[in-house]
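In: below: sequence and its predicted model.
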Amino acid sequence: MSRFDFSTTGSDVFAAFPEQVAGKTFVITGASTGGLGASVAIALAAGNPAAILLLGRSEHKVSPVLKEIEHISPSTRAHFIKVDLASCASVRAAAAEVDATVSKVDVLINNAGIMGVKFALTPENVESQFGANHIGHFLLTNLLMPKLEAAGKGARVVNVSSAMYQFGPVRFDDINFSNGEKFNTWEAYGQSKTANILFSVALAKKLAGKGIRSYSLHPGNIQATKLSSHMDPAEWPIVGAMFVEKKIAMPKEKTLEQGSATTIAAALDPGLDGVSGAFLDDCNVAETLEYASSEENAEKLWTLSEKIVGEKFSY
């Protein structure tokens, strides 16, 4: 039986594997104060990592997290890098800054995300949730691959998904919902979260020979984050009805500290070495629907993503 469960906190997971943190470099997207990424970063700081790079849109919102990391571990290099994950140009600039800042990346945590937004297109002409939640991370991860390789075998890529991936598969023939005419923000969010899972499936297969592992996960229902702060209140009855319609159990609410646990397990737990590509829930491997675990879909998504970013990545 696993030592971790629903109630486990990020600090609990770190305490089990402190040797997996010391001297390592972590890159985390979406680490504004009060959010899940910040909670993950602060828990990791207790292990005296060499560096924690926090990527986000607002330095003002990340600065308090940097200060807390420096207070917990003065020897850790805590650094902010500006990025807008909805823009491939911004992602390329951020990747170049990461490249210039550190010699290796031991763990890349693709945590940032948007949810429940109105229909909009990114500069690459893709629906904004798919663009920011998946395409931006797809490009960032591949651009940082040399740094992950420099870390040697055991490097990890962690993609924060959601149980709400069950709201929709990747619509390979219509990712933009007929240019918004058939748009449902929750199906679009589900599509982006399914993409996070399929991305890990693809990475696990492509990087197996390099010893780099990848995992996706559901962090939990964490109302303390600001993920839904901008949402139209009228959306809540709609999403509630979708849980009922699709016969999906509403995830029980977690605290921020509990919510960070599964991300930290994906980043650190050596017990997961043999299950690269797995989806985690409550720090343990969980089953997903077939459309989110299909290697065929994972490869289709990879090809589509390469087309969108205008660059091929082969491993």
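Out: Looks like it arrived, so ask away.
In: CA atoms for contacts and neighbours, from now on please.
Out: Will do.
In: can you give me the strands in this protein?
Out: 25-29, 51-56, 77-82, 107-110, 156-160, 213-218, 279-281, 284-286 (DSSP state E).
In: tell me the buried residues in the last one?
Out: Think strand 284-286. 284, 285 (16 or more other C-alpha atoms under 10 Å).
In: for it, name the packing helices and strands.
Out: For strand 284-286, the packing partners by 3 or more C-alpha pairs under 8 Å, 6 or more residues apart in numbering; DSSP states H and E come out as strand 279-281.
In: contact partners of the strand it packs on?
Out: Here strand 279-281 makes contact (C-alpha atoms under 8 Å, 6 or more residues apart in numbering) with 197, 215-220, 262, 266, 285-288.
In: okay, and the helix or strand of this protein with the least pLDDT?
Out: Least confident helix or strand, the chain: helix 235-245 with a mean of 78, by mean pLDDT, DSSP states H and E.
In: in it, what's buried?
Out: Using 16+ other C-alpha under 10 Å as the burial criterion, the residues of helix 235-245 that qualify are 239, 242.
In: pLDDT on stretch 142-153, on average?
Out: If you average the pLDDT over stretch 142-153, you get 97.
In: contacts for that stretch, please.
Out: By C-alpha under 8 Å, 6+ apart, the surrounding residues in contact with stretch 142-153 are 92, 95, 98-99, 103-107, 155-156, 210-212, 313.
In: got the CA coordinates for that stretch in CSV?
Out: Extracted in CSV, the C-alpha atoms of stretch 142-153 (Å, rounded to 0.1, in the frame of the first residue of the first chain):
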residue,chain,number,x,y,z
ASN,A,142,11.1,20.6,-26.3
LEU,A,143,13.3,23.7,-26.3
LEU,A,144,14.6,22.8,-22.9
MET,A,145,15.3,19.2,-23.8
PRO,A,146,19.1,19.8,-24.1
LYS,A,147,19.0,21.1,-20.5
LEU,A,148,17.0,18.0,-19.3
GLU,A,149,19.5,15.8,-21.1
ALA,A,150,22.4,17.6,-19.4
ALA,A,151,20.9,16.6,-16.0
GLY,A,152,21.4,12.9,-17.0
LYS,A,153,19.3,9.9,-16.5
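In: just to revisit the earlier point, report the buried members of the contacts of strand 279-281.
Out: Using 16+ other C-alpha under 10 Å, the buried ones in the contacts of strand 279-281 are 197, 215, 216, 217, 218, 219, 220, 262, 266, 285, 288.
In: beta partners for the third one?
Out: The residues paired with residue 216 through beta bridges, assigned by DSSP bridges, are residue 159, residue 279.
In: give me the pLDDT for it.
Out: pLDDT, residue 216: 98.
In: got the contact list for it?
Out: With C-alpha under 8 Å, 6+ apart, residue 216 has these contacts: 158, 159, 160, 161, 196, 197, 200, 266, 277, 278, 279, 280.
In: give me that answer again for 6 Å
Out: With C-alpha atoms under 6 Å, 6 or more residues apart in numbering as the criterion, the residues that contact residue 216 are 158, 159, 160, 197, 279.
In: show me the longest helix that occurs in this structure.
Out: Longest helix in the chain by number of residues (criterion: DSSP state H): helix 185-207.
In: number of residues surrounding the nearest residue to residue 192 once chain neighbours are set aside?
Out: What sits nearest to residue 192 in space, not counting adjacent residues and going by C-alpha to C-alpha, 6 or more residues apart in numbering, is residue 130, at 4.6 Å. Neighbour count for residue 130, taken as other C-alpha atoms under 10 Å: 27.
In: give me the phi and psi for the residue sitting furthest away from the middle of the chain.
Out: Distance to the chain centre peaks in the chain at residue 181, reaching 28.4 Å (criterion: C-alpha atoms, centre = their mean). Dihedral pair for residue 181: phi -70, psi -30, per degrees, to the nearest 10.
In: who touches residue 266 in this structure?
Out: Going by C-alpha under 6 Å, 6+ apart, residue 266 touches no other residue.
In: mind running it again at 8 Å?
Out: Neighbouring residues of residue 266 by C-alpha under 8 Å, 6+ apart: 158, 215, 216, 217, 272, 280, 283.
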